[in-house]
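*Asks:* Next come a sequence and a model predicted from it.
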Amino acid sequence: MSGKATILIVEDQKGFRMIFEDVLVAAGYEVLSAADGERGWEMSKERKPHLVLLDLGLPKIDGFEVLRRIRADAETQNTPVIIFSVMGEQNSVKKAMDLGANDYIVKGFHPPLQILGKVKEQLAPSNP
Amino acid sequence: MGIFRFSDMPLKKKITLIAVVSSSVSLLMACLVFILSESLTFPRVMRQNLSNLAQIIGDNSTAALSFNDSRTAQGLLDTLKANPHILSACLYDLKGQVFARYARPDAPQYWPAVVWEEKSEFSGGSVRIFQPVLSGGDRVGTLYLESDTREMQLRMMDYTLVTVVVGVLAFLISLLVASRLQQRVTGPLQQVVDRMKDIAKGEGDLTKRLEVTGKDEIGEVAEAFNTFVGKLQGVEDMKLDLISVVSHQLKTPVAEINGFIENMMMGLTGELNPKQKTYLDEMRAIGRENYRLITDLLSASKIDRGVVTVDLKPVSTKEVVGLAIRDYEVPLARKGLSLELEGVWEGGMLYADRDKLVEALRNLINNAIKCTDKGSITVRALTEGDMGVIEVADTGIGMDAETMGRLFTKNRVLGKEAHRSGAGLGLYITKNFMKQQNGDITVTSEKGRGTCFKLAVPRFKPGEGGRL
Ligand SMILES: Nc1ncnc2c1ncn2[C@@H]1O[C@H](COP(=O)(O)OP(=O)(O)OP(=O)(O)O)[C@@H](O)[C@H]1O
Ligand SMILES: [Mg+2]
């Protein structure tokens, strides 16, 4: 099933968006992307991706708010969310995990293989 | 013993000394002047008194002399007994013959020959006067009186005693007062000095201010100092803000470049030829090193702004060591070093902030690789009482005492060796992170033989849901 899973990347930095998109596309996933929080939330609701990769610092509405909305809406509340964080910002990671994020990826620190590992882990059937 | 130098004395001693010396000197001067003036006026007074007495006796003896009544005259002189200071007295008639005489019983029974002119003299501890006895302007005889100077001596002794007692008392009191008062001068000054030393050593808390107690010079110094510290703090804040902003701005692009490099190395852009692979390897190493440096700068600025927080949870030694050594395979292989793990798999649970402990350990491993050219690096897990310990030992260049003394500070950031080996922030951050986790870092090293850094954090005791 991993080949057909749809993953939404919500990330405002063009470079990171491209890096993650390429890794995931190469691994056979279908990838959607949004460059701001508002668009990210709309796409989560309309396209119902199997997984959302969510940056925290986003224009319009921030990642925490997007996460809150995803968890508050009956249609999306079970979608796994992996947040992107920046090295040395454990506080925001903690806040996001408390809000219901499933895992986190530290940008520039976790190499592609690990990112794929975390994605697979969240999409595995044993994972709710 | 060195030479005594006034300028080397502490201020409080100086002030006390000045106060005591100047008050003693002025008191002494006053006493001396008093004694001197007394000793000058006293003979005059004595002479005057004696002359007055002679006048009275002379006046009373004119009749006796005129009528040649020596018995009356003798009776008159005998009344001198009442005055214990009179040694002897003698009344002479006009021819110079002794008419009547008196001598204190214990005094020498001696009377000089008459002297015609009026005369007084001090000698041998007594005063003598010869004074004509006049009756209606005509001379009828001469009176001689001799008095001892004991009264004067006693008075002088009294004065000297009083002077000494008052002097000693005044000295003690001025010492007491001066040593009390000097504190009001030197106390605030000492505060200024201490704070300045603190700040000069780089440990000073720039948010603290001196209490300005008065409008005197010390108050002014304190106020000027506070203004100065305020400006310093402004500069310091600006520096920290700048570091923080610049690092944040640098972090994202560096991370993006690293991401692109990783993707290329994964083959996402197609097959790589060996040269491309080598280039990318180098780029990745540089990218990672830069990322580490930026992260360190951010961590250090967080420490300096006091905004570091820790998230203490149970974490296994194995996980921490695993995360820490992950990226060092290539650098180790490149230098031909081996990595030995000891005791890591049986090492217990720690109560720590996982990410901070990992960063601390990575800093040590990074240093060990940097400072070792051949041999091995050993990561060893053990327990010491309530503490879990992770050691990083190398067979590298070691350190001399001077380097050891500067470890854990960031004094070297702008030093001359700074670009040779790094920013010099690693151990400063590590130490702070360990303290935040209720742990510590210690080091042993021998120049030319190797170094061993030791991280200690509290152990976690399963079952009771808390720290040991
Ligand atoms: N294992 C070691 N062997 C020998 N010297 C060491 C070792 N670890 C640290 N040092 C010495 O201590 C200094 C300070 O280390 P620290 O990690 O604080 O800074 P750095 O490694 O120079 O820079 P940075 O870690 O910021 O890149 C080093 O420059 C080095 O001289
Ligand atoms: Mg270092």
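*Replies:* Cool, got the structure. Ligands and ions are numbered 1, 2, ... in the order given.
*Asks:* how about the strands in the chain?
*Replies:* I went with chain A, as the question did not name one. Here chain A has its strands, by DSSP state E, at A:6-10, A:30-34, A:51-55, A:81-85, A:103-106.
*Asks:* That was the other one, I meant chain B.
*Replies:* With DSSP E applied, chain B shows strands at B:86-92, B:98-103, B:119-123, B:126-135, B:138-148, B:313-316, B:338-342, B:349-352, B:376-384, B:387-394, B:440-446, B:450-458, B:460-461, B:466-467, listed in chain order.
*Asks:* mind putting those in JSON lines, mean pLDDT included?
*Replies:* Listed next are the strands of chain B as JSON lines, based on pLDDT from 0 to 100:
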{"stretch": "strand B:86-92", "mean pLDDT": "93"}
{"stretch": "strand B:98-103", "mean pLDDT": "93"}
{"stretch": "strand B:119-123", "mean pLDDT": "86"}
{"stretch": "strand B:126-135", "mean pLDDT": "91"}
{"stretch": "strand B:138-148", "mean pLDDT": "92"}
{"stretch": "strand B:313-316", "mean pLDDT": "91"}
{"stretch": "strand B:338-342", "mean pLDDT": "92"}
{"stretch": "strand B:349-352", "mean pLDDT": "93"}
{"stretch": "strand B:376-384", "mean pLDDT": "93"}
{"stretch": "strand B:387-394", "mean pLDDT": "94"}
{"stretch": "strand B:440-446", "mean pLDDT": "93"}
{"stretch": "strand B:450-458", "mean pLDDT": "95"}
{"stretch": "strand B:460-461", "mean pLDDT": "84"}
{"stretch": "strand B:466-467", "mean pLDDT": "50"}
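*Asks:* Stretch B:365-383: end-to-end distance?
*Replies:* End-to-end distance for stretch B:365-383, by C-alpha to C-alpha, to the nearest Å: 20 Å.
*Asks:* Over to stretch B:262-279?
*Replies:* In stretch B:262-279, first residue to last residue: 12 Å (C-alpha to C-alpha).
*Asks:* Let's have the strands of chain A in CSV, adding mean pLDDT and mean neighbour count.
*Replies:* Every C-beta, even on glycine, is put in place using the N, C-alpha and C of the backbone. Formatted as CSV, these follow (pLDDT from 0 to 100; neighbours: other C-beta atoms under 10 Å in any protein chain shown):
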stretch, mean pLDDT, mean neighbour count
strand A:6-10, 95, 23
strand A:30-34, 94, 19
strand A:51-55, 94, 27
strand A:81-85, 90, 24
strand A:103-106, 88, 18
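*Asks:* With adjacent residues omitted, what lies nearest to residue B:311?
*Replies:* Among residues not flanking residue B:311 along the chain, residue B:353 sits closest, at 5.1 Å (C-beta to C-beta, 6 or more residues apart in numbering or on different chains).
*Asks:* Number of residues surrounding that neighbour?
*Replies:* Neighbours of residue B:353 under the rule other C-beta atoms under 10 Å in any protein chain shown: 23.
*Asks:* still on that earlier bit, kindly reformat the strands of chain A as CSV and extend each row with distance to ligand 2.
*Replies:* Output for the strands of chain A, formatted as CSV (distance: least, C-beta to the ion, whole Å):
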stretch, distance to ligand 2
strand A:6-10, 35
strand A:30-34, 38
strand A:51-55, 30
strand A:81-85, 24
strand A:103-106, 20
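*Asks:* which one of those strands lies closest to residue B:41?
*Replies:* strand A:81-85 (99.9 Å; C-beta to C-beta).
*Asks:* what are the bridge partners for the residue nearest to residue B:349 when sequence neighbours are not counted, then?
*Replies:* Nearest residue to residue B:349 in three dimensions, chain neighbours excluded: residue B:460, at 4.1 Å (C-beta to C-beta, 6+ apart). Per DSSP bridges, the residues bridged to residue B:460 are residue B:467.
*Asks:* Break down the chain into its helices, ranges please.
*Replies:* Because you didn't say which chain, this covers chain A. A:14-26, A:37-47, A:63-72, A:90-98, A:112-123 (DSSP state H).
*Asks:* my bad, chain B
*Replies:* Remark: helices assigned in chain B by DSSP H are B:11-66, B:70-78, B:150-201, B:217-265, B:274-305, B:317-325, B:329-335, B:354-370, B:401-406, B:418-421, B:426-436.
*Asks:* of all those helices, which has the lowest average per-residue confidence?
*Replies:* Per-stretch mean pLDDT for the helices of chain B is lowest at helix B:418-421 (a mean of 50).
*Asks:* how far away is the residue lying closest to residue B:387 once chain neighbours are set aside from ligand 1?
*Replies:* Closest residue to residue B:387 apart from its sequence neighbours, by C-beta to C-beta, 6+ apart: residue B:456 at 4.4 Å. Distance of residue B:456 to ligand 1, computed by C-beta to the nearest ligand atom, to the nearest Å: 17 Å.
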